[in-house]
Structure formats: C-alpha cells, structure tokens
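*Asks:* Predicted model follows, preceded by the sequence.
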Amino acid sequence: MDYRELRFARAMEFTIHEINNRTDLLPGITLGYQIHDSCSAVPMAVKAAFQFTNGMEPFYNDTDSCSKSAAAAVPALVGESASTPSISMARILGLLGIPQVSNYATCACLSDKRQYPAFFRTIPSDHHQAAALARMVRHFGWTWIGAVRSDSDYGNNGMASFLKAAQEEGICVEYSESYYRTQPRSKLERVANVIRRSTARVIVAFLASGDMRFLLEELARQPPPPLQWIGSETWIIEPEFLRFNMCAGAIGFGVPRSVIPGLREFLLDLSPAQALKSPLLTEFWESSFSCSLKGSSEGARECDGSEDIRALQNPYTDTSQLRVTNTVYKATYAIAHAIHGVICNDTQCDKSAKFTPWQILDQLKRLRRWWVWT
C-alpha cells in the first residue's frame with residue numbers, strides 16, 4: 001500500500017469537511033465525495049474515470065449527503081497524482097466536459113488544451129522545471145553530464161524538455177538512458193553499468209520515486225565513483241532517499257512546504273471501527289499493525305485494541321513536510337470555489353440549483369490565475 005497516496009486521499013476528505021463547516025464558501029451546501037483507488041495503474045484509472053461519469057458505486061467510500069440516480073455523474077474530480085494515469089483519464093473526461101484537477105501530474109503534454117480541454121492542475125508543468133534545472137546546471141558550470149529518466153510520459157516528456165533547454169545552455173550530454181520499474185532487470189542493470197562506466201560525474205535524474213529507488217539499489221551493489229545528482233521533484237523531496245549515501249548533496253526543485261492546520265489530528269482520528277468501513281483503511285490498519293481486524297482477512301493475529309496509530313511512523317502519519325498534500329488541498333478548494341461561482345451569489349446559495357460539469361469547467365477557467373495551472 002502507498003501510505004502517502006492514502007494521506008492524499010484523506011487530505012481531500014479533510015478539506016471537504018473543512019469546506020462544509022465554512023459559512024463564507026458554499027453556505028448551506030454540503031459537498032459529498034467518492035474516492036476511487038487507481039492502484040497507480042492505467043486500467044484502474046480508466047475504470048475509475050468511467051465510474052465517475054456514470055455514477056457507479058465507488059471502491060473506497062462515499063457520503064450519503066448527495067442524492068444519486070442511475071444517470072448521475074460527478075461535476076468534477078481531484079486526481080490522479082501521476083501523469084500517465086491522468087492522461088488516460090483526461091482523454092475520457094474531456095470528451096464529457098468533466099473537469100479534472102490533478103494535484104501532481106506535471107507532464108508538459110497535459111497543457112495541450114486541444115487534447116485535454118478539461119484538465120487542470122495545482123502544480124506547475126514540467127516545462128518550467130526542465131528549464132530551471134538546465135539553468136541550475138549551467139550556473140554551477142557543469143557542462144558534461146549524464147541523464148536518466150523514467151520510461152513513462154512523465155520521464156520522457158520531462159527529459160525531452162530538459163535536453164532541449166540544456167542544448168540552449170551549451171550543456172553536453174554524454175548519455176540519456178531510460179528505465180521503468182516493470183521492465184526486465186537486465187534493462188536496469190544495463191542503465192546502472194552505463195552510469196558506472198561513464199566519465200560524467202553529474203547526473204540529471206528525471207525519475208519517478210519508485211524508479212529512482214530501484215536504480216539506487218542496483219547502483220549500491222557496485223557503487224560508482226562519487227556522483228552529483230540533480231533530481232526532479234518526485235524524488236528529490238522524499239526523505240527515504242537519505243538512506244542512500246550516494247545521494248548526499250543531491251539538489252533539485254521541490255514543491256514548497258506548507259502547513260494545514262488540523263490535518264494531522266484528522267489523520268490520526270481513526271479507530272478500528274472506522275477502518276472497517278473502508279477496504280483501503282482496513283488494509284492500512286492491518287498492514288500497519290500486522291494484525292487482522294474482526295470480520296476481515298484471516299491468517300494473522302486479531303487486532304486487540306492496543307494498536308496506537310499515534311505511534312506509527314510512516315508516510316501516512318508524517319505531516320512534517322506537507323508539500324503535495326497541499327496541492328490536494330488547493331485542488332479541492334478550487335473545485336469548491338468553482339461550484340460556489342455557479343450556484344451562489346454574494347449572500348446565499350441556491351440549494352435546488354441544477355448545474356452541469358461544463359459550468360464548473362467554465363468557472364475553473366476563470367479561477368486559473370489564482371488556483372490552478374494548465
């Protein structure tokens with residue numbers, strides 16, 4: 001289970017509860033929600049997109065605050081975190097005018113409004129990051145470098161933008177290799193050997209955190225000479241990479257830190273009874289405490305109530321650096337403000353108002369300057 005992604009999902013829950021308790025935003029209106037698990041896989045993301053469009057029952061949970069009908073469709077959605085699943089979803093949702101606000105999909109390709117007319121995000125495009133990385137490399141006088149990327153929409157598009165910017169900055173690239181974590185191990189070994197044998201001691205790594213982890217573990221088998229890593233935002237801000245000595249001194253651009261008052265208390269306010277109401281929360285509880293909740297999976301010791309969620313130390317409970325979590329927070333608020341713009345005036349909201357996703361889409365375009373990127 002990806003504990004960090006679970007924190008993102010619950011951050012959306014928290015934000016909706018916060019909005020529902022406000023009197024200046026959607027007064028008298030209660031927002032409901034559905035949360036689907038894409039499992040970081042394109043087929044599951046596509047399935048979720050179709051479920052959002054036709055009102056089928058969600059996998060994770062939903063609220064009873066919104067009336068449903070067979071033809072119901074959500075007016076907007078938050079997600080996906082990754083670029084490739086977001087691209088797949090955006091192609092479907094864009095056809096129906098259902099706005100999608102991603103919290104972490106940075107691929108520059110998603111800025112093409114002809115292909116993705118209903119896509120927004122609360123994080124900048126990699127076009128800006130690639131240009132900034134090239135300028136940073138040039139600033140330090142590193143003109144002979146290596147490059148490695150994830151073999152995905154995120155990595156390939158990001159690296160293409162970087163290589164173009166690097167050429168304009170007069171930077172020479174000795175090699176440009178790609179790898180994706182589901183590819184054969186022989187591919188990973190080949191990339192690692194290219195790095196070990198190269199003369200470039202500075203490496204720009206436009207890699208997803210999972211791919212970077214596999215690469216570093218492989219390099220650790222036969223450590224290369226000291227390297228200067230330049231990292232993209234997905235892994236450069238992850239504390240887990242501090243355990244790799246070869247990452248000492250790595251630099252890059254990260255999403256700014258933020259503080260969300262009340263979020264930590266919300267995340268920790270979880271009991272076994274509450275966890276049982278959701279398959280994902282049940283999985284979280286059982287995997288975190290290595291026990292089985294009553295009525296769930298067998299084979300493990302039964303949870304006895306002594307489990308202390310506040311004693312856990314994992315990405316779900318770690319709120320010391322709320323970076324991407326804050327982009328979820330902003331994405332949820334952006335949608336709330338768009339709905340407010342459709343059904344509310346200066347003093348009150350029309351509780352019986354009927355509106356379409358197209359109207360929310362139009363409002364999000366107006367909010368672009370303050371809340372969302374394209």
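*Replies:* Yes, it's here.

*Asks:* which non-adjacent residue is nearest the residue most central in space within the chain?
*Replies:* Nearest residue to the geometric centre of the chain (Cα atoms, centre = their mean): Ser81, 2.6 Å. Leaving aside its sequence neighbours, Ser81 sits nearest to Tyr104 (Cβ to Cβ, 6 or more residues apart in numbering; 4.1 Å). Bear in mind the C-beta positions are built from the backbone N, C-alpha and C, glycine included.

*Asks:* Kindly report the same for Ala192.
*Replies:* Glu218 (4.5 Å).

*Asks:* residues contacting that neighbour?
*Replies:* Neighbour list for Glu218: Leu188, Glu189, Val191, Ala192 [criterion: Cβ atoms under 8 Å, 6 or more residues apart in numbering].

*Asks:* Now it: which helix or strand?
*Replies:* helix 209-221 (DSSP states H and E).

*Asks:* That helix: which residues count as buried?
*Replies:* Residues of helix 209-221 classed as buried by neighbour count (16 or more other Cβ atoms under 10 Å): Ser209, Gly210, Asp211, Met212, Arg213, Phe214, Leu215, Leu216, Glu218, Leu219.

*Asks:* For the protein, just list every one of the helices.
*Replies:* 3-20, 42-54, 83-95, 126-139, 153-168, 185-197, 209-221, 233-236, 263-268, 272-275, 279-289, 324-343, 357-367 (DSSP state H).

*Asks:* Would you mark the buried spots in the fifth one?
*Replies:* Of the residues in helix 153-168, those buried by neighbour count under the rule 16+ other Cβ under 10 Å are 153-163, 165-166.

*Asks:* Give the residue spans of the stretch 151-300 of the chain that score low on pLDDT.
*Replies:* 295-299 (pLDDT under 70).

*Asks:* 90 instead?
*Replies:* Scanning the stretch 151-300 of the chain for pLDDT under 90 picks out the ranges 239-240, 279, 294-300.

*Asks:* do you know how far Leu236 is from Cys107?
*Replies:* No, residue 236 isn't Leu; it's Ile. 17 Å (Cβ to Cβ, to the nearest Å).

*Asks:* So for these two, which sits in the more crowded spot?
*Replies:* Cys107 (24 against 21; other Cβ atoms under 10 Å).
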